[in-house]
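Peer 1: whatever this is, show me its structure:
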Amino acid sequence: MHLFTFVAIISLITGVLSICVDYNYRNICHRDKCVYRELGLSPGEQRQPWGRCECFYCAPGQRGLVESCNEIIVNPPCRVGGFTNPNATFPYCCQREVICPVY
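Peer 2: Numbers count the residues shown, from 1 in each chain. Now for the predicted structure:
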């Protein structure tokens, strides 16, 4: 639970809304590590998977937390465009362009 609180505080500080998913990331080949995609992390470690705009946190007991970008909702006639900096580190890679017509 402390890990979730830490992630929530970091999200508030950075001002980026995100989606968090808590799950068990056990792998019989990597005891005492959380395994997510290509990452094998020890409890207390965090890392951004290569080529993805998300962050993975490993907690004790092979519990993990994946934090990813939240959906952005805008009022019509505006629309959400692409990511403004997709190669940045998380959460800065979450920033998106908002396109509104000029009348």
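
Peer 1: checking the closest residue to Y92 other than its chain neighbours next. Helix, strand or coil?
Peer 2: Of all residues not flanking Y92 in the chain, N85 sits nearest, at 6.2 Å (Cβ to Cβ, 6 or more residues apart in numbering). Placement of C-beta: from N, CA and C, glycine included. Here N85 is recorded as coil under DSSP: H, G, I helix; E, B strand; the rest coil.

Peer 1: spit out the contact partners of N85.
Peer 2: Each residue near N85 by Cβ atoms under 8 Å, 6 or more residues apart in numbering is listed here: Y92, C93, Q95.

Peer 1: tell me the buried residues within those.
Peer 2: Taking 16 or more other Cβ atoms under 10 Å as the criterion, what is buried in these is C93.

Peer 1: and which of the contacts of N85 is nearest to R52?
Peer 2: Nearest to R52 among the contacts of N85, counting by Cβ to Cβ, is C93 at 8.7 Å.

Peer 1: show me where the protein has its strands.
Peer 2: 18-24, 34-36, 39-41, 46-47, 54-59, 63-69, 79-83, 96-99 (DSSP state E).

Peer 1: make CSV out of those strands and add mean neighbour count.
Peer 2: Output for these, formatted as CSV (neighbours: other Cβ atoms under 10 Å):
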stretch, mean neighbour count
strand 18-24, 14
strand 34-36, 21
strand 39-41, 18
strand 46-47, 18
strand 54-59, 22
strand 63-69, 20
strand 79-83, 12
strand 96-99, 13
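
Peer 1: mind putting those strands in CSV, mean pLDDT included?
Peer 2: Below are the strands of the chain laid out as CSV (pLDDT from 0 to 100):
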stretch, mean pLDDT
strand 18-24, 58
strand 34-36, 90
strand 39-41, 92
strand 46-47, 96
strand 54-59, 94
strand 63-69, 92
strand 79-83, 94
strand 96-99, 95
